[in-house]
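Undergrad: Any chance you could fold what I've pasted below:
(chains A and B)
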Amino acid sequence: MERVKTFHRKKIVFISSVVILILLALMVRVGYLMIFEANFLQEKAEQLHNRERPIKSKRGIIYDINDIPIAVNQSVTRISVIHNQITEPEQVTKILSEKLGLSYEYVEKKVKNRVTIEIIKKNVDKTIADEIRKLGLDGVIIDEDYRRIYPYDNLAAHVLGFVGSDNQGIIGLEVQYDTFLKGKNGMIFTQTNAKGIEINNVAETREEPIDGQNLKISLDVNIQQYAEQALEKVLISKQSDKGSIIVMNPQNGEIYAMVNKPDFNLNEPFYIENKNLTNKEKEDALNQLWRNYAINDTYEPGSTFKVVTASAGLEEKVVSLTDTFYCPGYAIVADRHIRCHKYGGHGSETFLEGVQNSCNPVFMAVAERLGVERFLYYMDKFGLNEKTGVDLPGEAISIMHKKENIGPVELATMAFGQSFQITPLQLLRAGSAVVNGGYLVTPHFAVNVTDKEGNIIETFEYDTSKKAISEETSNLMGSILESVVSVGTGRNCYIPGYKIGGKTATSEKLPRSNNKYISSFLGFAPADNPQVMILVIVDEPQGIYYGGTVAAPVAKELFENILPYLGIGPIYEELDQENENID
Amino acid sequence: MNKSKKKRNNIVKQMIGLNKKESKGSSVDITLVFTILFLIVFGIIMIYSSSYYASYETYGNHIEFLKKQTLWCIIGVLSMYLISQIPYKFITQFWLLIYGSSIVCLILVLFIGDEINGARRWLDLKIIGFQPSELAKLATIIAMAVAITSTQKYITNIKVFLLNMLIVILPTILIGMQNMSTAFVVFAIGSSMVFVALPSFKAIFKFMILPCGVLAGLLLVFNNISSFFVKGYQMGRWETFINGPWSDPQGKGYQTIQSLYAVGSGGLFGKGLGYSMQKNGFIPEAHNDIIFSIVCEELGLFGAIALILLFILLIWRCMVIASKAKNILGLLIVSGVMVQIAIQVIINIAVVTNSMPTTGMPLPFISYGGSSLLFLMIEMGLVLNVSRYTQPVD
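TA: Next comes the predicted model:
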């Protein structure tokens, strides 16, 4: 057999040298990839492997003034699917659409979506989730979640507001104090395999969720319930569609109750009775339903506004209690014939009697004595050209004449609360200033913010520094308005043993020819040191529409309940008994 | 001229360690034995690590692939030992039987082979899946070695040359109908053996360049036609390579991108054995052709270089054994085996590192696969066998 010759060896050395050279070149190539391209490739690879999974934070609880929870959280679940892990897409689609009450097409679209994780439905009840879990479907993920629930359903719906599917506030206090309430979602950072399943041997990093802080508000569930029942009753008896009641402490602006009817169930804020609406109509209807008339809408306050005109007149000393006026049932201003509400007129009367009678010509005269300049000055002083600063979103701005457009006629109508519009809460704030010693309060709900353990984190402070009128004028107004209730138009709010002050209003809605009215009553007690002020507004009552007849009894009923509840008992004086005897 | 030639010869002798006189009947090449054993143990460890996820997905336990490969390793080592003990001259007597049966298998697989990804490459022998192309590599080495040895004197005769080349071309075409890269390996094995046997570079030019060029051209055309009609999956690999894998990240570029992620994630020292992320389903069948990328990811640049160095060591030992072989039969067998391993390693690493278009090529000793490992071990048995019979250098 042939022996190996040198040329054989040369060739084999040649071949092996070539392949070794190529292998060395590949080493360089590997080195290049692993050193110079490493950052780029690693980053890309990590994007592929890393997953972030949110851990829901618990939203803060809202407590009323007596620490009764009125907005709480319920543990629910979130159902999602992981596309890669689904083995039987049709069955998953079928079961999920049935169990979750979703359309087959909707679930199918989500199941077929080639993303790592797709949320099918949030806020799913635990019992339903357990049923789904029992079926052991591949690729269906059930996560713990929280759902906002409101134990009192409709109570203070417009005030509290509700949250959206991501637990973010949508209206009311829920959105106003969202930053405190929402907390911060945590995050789990993990690495997953190609199917999106977490890999066990890789340490997961966790960012713990921070729960939201609790909010305490001045609202009192009991007072709110009284007010809601009272309003509901009057709306039914007067066949009215809507109305509002606000109960506030005139000394510091704490709102005890704020009611609007019609209202809605906070646990089903998107429910609407009429099913035959287009999407647009439904949206409009919901927005209407969610409106907080007490602050979002303006109206002509009518005679309740006379407390401001009277205060201004007394403060400027253009009128005194004993000044006499004559009311023929109308007044001629410029060339206009403006009538009083009493046909035939009140005849000769003092200023005090004018207020008790709510006599329009008397207030027109006072406004005329003040003049446009000073009248507007007091509008400003009583905060009627600014927002009240209440801690709710969407407060409306008053609608006023421009100063240069105010002639004698405009001034005359403004004197008894017509031809301009303010929000009910603005009126309440001005009314507070009239009787609380003369200073403007900031109406508000929020008292303080506490953490999970109940430690106070922030106490809210509100401005009460602006002075509208002097204390003497305020005290005087208190007794005048007390007499309105004891002997004047507000008689229907009289409660033996209590010093109740107040002013009625019957405003004719625009256009005047429609003969539609808003009946209202602004009342406070005790008159010499007001602790509670109530504004009752009934929109378009049927039948008798006078504020003194429609709204004043509502306020009376409320006072009867609220005053003892707040620890203010009746004091029977001789005068009261005399009055009772007279009645 | 003569002086420089002598100098070159000396360099060659130094490279292969032939300066010392060696006694007859030396024992097997211990370095090579340890290199092989090291490689297959390393392979088993890497298969366990890289198939950990895929095994669970397929079989519900983490060790299924490990178990099978370990069994094949044991069979392989035993076969290697057995073959290394039987004189290779005896084995090569059956060259026609071996070569003939490999051709029969190659034809059979075209008709009754299991179709995977549009190509028929596997014969289902019930117990094991068997790739006739792996047998064909061994058969080509043996048949070519025998043929060239017996015609060494007339090797420069054109008819003899063509007859010898026919032995390679037949399996090349049969394999090429299904798998271009394996056909290329077989063709490279055979033609490199002819190359070694040709006495001068002049003769090489005369015989090799022209026919090789023609054959390469024919193969290319043939492949294009067949891929046009038979297997569309090969189309566009060149395109994807030239445009870069990110031109089609979810399609043809997917595997390359995933492989590059693994390579790039390793860094200098790797994530540690078992800590590859890419094996978790991102690289499909990470224990197969792409296993080198998992080596990079888990053991880093140092691990990767160490592995390549092991292959260089293996090739160097083959070169030494071939040069010291007692006769050209032994030399040709060893050079055939050496070329096969070298080309497979090169193609495999080049594919993993996106240095050439994607193709399926197992990494010798490391990639998962029973028949591939078994035939490799048989070939290594032949090489060890040759190493036992050395000649003193003249």
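Undergrad: For chain A, what's the nearest residue on the stretch 251-394 of chain B?
TA: Using CB to the nearest CB, the single residue of the stretch 251-394 of chain B nearest to chain A is residue B:264, 2.5 Å away. (C-beta placed from N, C-alpha, C; glycine too.)
Undergrad: so what's that residue scoring on pLDDT?
TA: On pLDDT, residue B:264 comes in at 90.
Undergrad: from memory it sits against residue A:45, does it?
TA: Yes: between residue B:264 and residue A:45 there is a contact under CB atoms under 8 Å: 6.9 Å.
Undergrad: what about these two, which has more around it?
TA: Using other CB atoms under 10 Å in any protein chain shown, the more surrounded residue of residue B:264 and residue A:45 is residue B:264, with 25 against 22.
Undergrad: Tell me which helix or strand the more buried one sits in.
TA: helix B:254-265 (DSSP states H and E).
Undergrad: which secondary structure elements does that helix contact?
TA: Where contact means 3 or more CB pairs under 8 Å, 6 or more residues apart in numbering or on different chains; DSSP states H and E, helix B:254-265 is packed against helix A:6-35, helix A:38-49, helix B:291-324, helix B:328-352.
Undergrad: Run through the residues that contact the spatially closest residue to residue B:355 that is not a sequence neighbour.
TA: Closest residue in space to residue B:355, ignoring its immediate chain neighbours: residue A:29 at 5.5 Å, by CB to CB, 6 or more residues apart in numbering or on different chains. Residues in contact with residue A:29 (CB atoms under 8 Å, 6 or more residues apart in numbering or on different chains) are B:349, B:350, B:353, B:355.
Undergrad: Most neighbours among the residues you listed, which one?
TA: Counting by other CB under 10 Å, top hit in those: residue B:349 with 27 neighbours.
Undergrad: For it, give me its contacts.
TA: A:23, A:26, A:29, A:30, B:292, B:308, B:355, B:363.
Undergrad: try residue A:124
TA: A:76, A:77, A:78, A:79, A:100.
Undergrad: which one is residue A:125 nearest to, not counting chain neighbours?
TA: residue A:76 (6.4 Å).
Undergrad: Can you classify that neighbour by secondary structure?
TA: strand (DSSP: H, G, I helix; E, B strand; the rest coil).
Undergrad: What separation is there between the residue of the stretch 251-394 of chain B closest to chain A and residue B:255?
TA: Distance from residue B:264 to residue B:255, counting by CB to CB, to the nearest Å: 15 Å.
Undergrad: pLDDT weak spots in the stretch 151-300 of chain B?
TA: Low-confidence segments of the stretch 151-300 of chain B (pLDDT under 70): B:208, B:210-211, B:214-215, B:218-219, B:221-236.
Undergrad: for chain A, what are the nearby residues on it?
TA: Proximity of the stretch 151-300 of chain B to chain A (CB under 8 Å from any CB of the partner chain) is limited to residues B:152-153, B:192, B:195-200, B:260-268, B:274-275, B:277-278, B:280-282, B:296, B:300.
Undergrad: can you list the contacts of residue A:29 in a markdown table and add distance to residue A:448?
TA: Formatted as a markdown table, the contacts of residue A:29 follow (distance: CB to CB, whole Å):
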| residue | distance to residue A:448 |
| --- | --- |
| B:349 | 69 |
| B:350 | 71 |
| B:353 | 65 |
| B:355 | 69 |
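Undergrad: of those residues, closest to residue A:131?
TA: residue B:353 (51.3 Å; CB to CB).
Undergrad: which residue does chain A bring closest to chain B?
TA: Taking CB to the nearest CB, chain A has residue A:41 as its residue nearest chain B, at 2.5 Å.
Undergrad: circling back: reformat the contacts of residue A:29 as CSV; add pLDDT.
TA: Listed next are the contacts of residue A:29 as CSV, based on pLDDT from 0 to 100:
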residue, pLDDT
B:349, 95
B:350, 94
B:353, 92
B:355, 90
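Undergrad: Pull the most distant pair out of those.
TA: Most distant of these, by CB to CB, are B:349 and B:355, 7.7 Å apart.
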